[in-house]
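J.: Have a look at this fold, sequence not included:
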């Protein structure tokens, strides 16, 4: 890392935030709704001494957390990495902080250069609410059949039309997404739904999680998931799972971009396994 980041370059950030404190990533027209972008841009602009606009890898919903959100901005100010991180973080609330910083060429885009995003959805099987886990894991008041959930999930891997799992108001031009892995496992008392894809439709992860809970709870058979996928009809899938418990944990880029690909586990978990 250079002592001073070159001026006139594109600056890339890895950002961590508690989604429960925000109405999502994207800045809203109403200043009464706090957003991640809405608090980051003014703080960065003060340190840069010029207005900046952030572009992120994935616009997370209200309540969705991130351990590895990637964003970039353009700036002509010369600052050391420590000056950027310490200066900006001192202006931010405790619920959002910059964890890493680097510079790249102007061709890089945090959004369009990404080759995959990875999310983890944390389930807490318990008959009693835990104040310590409120907003950080979804309590499931039933015994889950993980083998049935795994059998149901297999049909979702690969490039498929995921319109059955889109949000009702999703404006994507294409419903094709390539799910690189979808794994369900236990760790530290949690059930983890771990999914990586080239990109996601709006609410896609939460709608898949809600459908897997239908199977895991015994209300649907595993074959129902393939039937739902083939129907290409949002009404056929399960309910949208709550945002609580969903984390953006990784974004990958080609090595030629010069941006390290990272996977950062939620603080409730141990380091997560890597899947092909």
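T.: Great, that's in hand. These numbers were taken from a predicted model, which means no experiment stands behind them. Numbering: from 1, shown residues only.
J.: neighbours around residue 240, how many?
T.: Neighbour count of residue 240, defined by other C-beta atoms under 10 Å: 19. For glycine as for every other residue, the C-beta is placed from the backbone atoms N, C-alpha and C.
J.: ah, wrong one, I meant residue 276
T.: For residue 276, the neighbour count with other C-beta under 10 Å is 4.
J.: Can you give me the distance of residue 85 to residue 11?
T.: 11 Å (C-beta to C-beta, to the nearest Å).
J.: Can you pick out the residue with more neighbours from these two?
T.: Set residue 85 next to residue 11 and count neighbours by other C-beta under 10 Å: residue 11 wins out with 23 against 18.
J.: On the pLDDT front, check residue 37 for me.
T.: Looking at residue 37, its pLDDT stands at 97.
J.: Quick check: it touching residue 54?
T.: Yes - Residue 37 lies in contact with residue 54 (C-beta atoms under 8 Å); the separation is 5.6 Å.
J.: got any residues that touch both of the two?
T.: By C-beta atoms under 8 Å, 6 or more residues apart in numbering, residue 37 and residue 54 have no common neighbours.
J.: State the distance from the residue nearest the centre of the chain to residue 50.
T.: For the chain, residue 248 is the residue whose C-alpha lies nearest the centre (C-alpha atoms, centre = their mean; 2.3 Å). As judged by C-beta to C-beta, residue 248 and residue 50 stand 28 Å apart.
J.: Helices of this structure, start to end?
T.: 36-48, 81-90, 146-153, 204-216, 223-231 (DSSP state H).
J.: ok, and for stretch 200-220, which residues are buried?
T.: Within stretch 200-220, the residues that count as buried by 16 or more other C-beta atoms under 10 Å are 200-217, 220.
J.: Same check on stretch 134-141?
T.: Buried residues in stretch 134-141 (16+ other C-beta under 10 Å): 136-140.
J.: next one: stretch 90-101
T.: Buried, per 16+ other C-beta under 10 Å, within stretch 90-101: 92, 95-98, 100-101.
J.: Good, we can wrap up now.
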